[in-house]
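Trainee: Sequence and computational prediction follow.
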Amino acid sequence: QVQLVESGGGLVQPGGSLRLSCAASGLSFDYYAIGWFRQARGKEREGVSCISIGDGSTHYADSVKGRFTISRDNAKNTVYLQMNNLKPEDTAVYYCAAEYSFSCELDTAYYGEDYWGKGTLVTVSS
């Protein structure tokens, strides 16, 4: 059974940092592209960042470029999202998703519905 578990969320002041983790089990992690998404209250889920397999190419939403960094540790079946200089508008539930593919996308429809975690809440507030 495929399981993706996000962790690392919490309350942080504007300008602060958090590192989210997405731990995967039940799949051959090396063969899966991973994406991070977020959903703020009352808004649609949006792509934040993703990382491919092989060359590990990455993509970022314009709103987080230069502040967020995605990385993966295949030995630990884990993908990380380092978030720096957080802003109140980054407040959302953050989800990770997996797709059996070489490349990744920031489109939620790209990822199968069974390959999503349950999310971790990030709140940026003073």
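Mentor: Nice, I can see it. Remember, it's a predicted structure, so these values are computed and weren't measured experimentally. Residues are numbered from 1 along each chain as shown.

Trainee: Which helix or strand contains the residue most central in space within the chain?
Mentor: Residue closest to the average C-alpha location in the chain (C-alpha atoms, centre = their mean): W36, at 2.2 Å. W36 is located in strand 32-39, with elements delineated by DSSP states H and E.

Trainee: residues in contact with the most far-flung residue of the chain relative to its centre?
Mentor: Residue farthest from the centre of the chain, counting by C-alpha atoms, centre = their mean, is S126 at 23.7 Å. Contacts for S126 were tallied using C-beta atoms under 8 Å, 6 or more residues apart in numbering; they are 13-14. Bear in mind the C-beta positions are built from the backbone N, C-alpha and C, glycine included.

Trainee: go on, Q1?
Mentor: Q1 is in contact with G26, counting by C-beta under 8 Å, 6+ apart.

Trainee: show me where pLDDT drops low in this protein?
Mentor: Residues of the chain meeting the criterion pLDDT under 70: none.

Trainee: My read is that L20 contacts G8, right?
Mentor: Yes. Here L20 reaches G8: they are 4.2 Å apart, a contact under C-beta atoms under 8 Å.

Trainee: Look at those two and report which has more neighbours.
Mentor: L20 (24 against 16; other C-beta atoms under 10 Å).

Trainee: Ramachandran angles for the more buried one?
Mentor: Backbone torsions of L20, given as degrees, to the nearest 10, read phi -90, psi 150.

Trainee: now the one 4 residues further on
Mentor: Here is the backbone geometry of A24 (degrees, to the nearest 10): phi -110, psi 150.

Trainee: tally of neighbours for Y31?
Mentor: 14.

Trainee: What strand or helix carries the closest residue to G15 other than its chain neighbours?
Mentor: In space, and not counting its chain neighbours, G15 is closest to N85: 5.9 Å by C-beta to C-beta, 6 or more residues apart in numbering. Assigned by DSSP H and E, N85 falls within no helix or strand.
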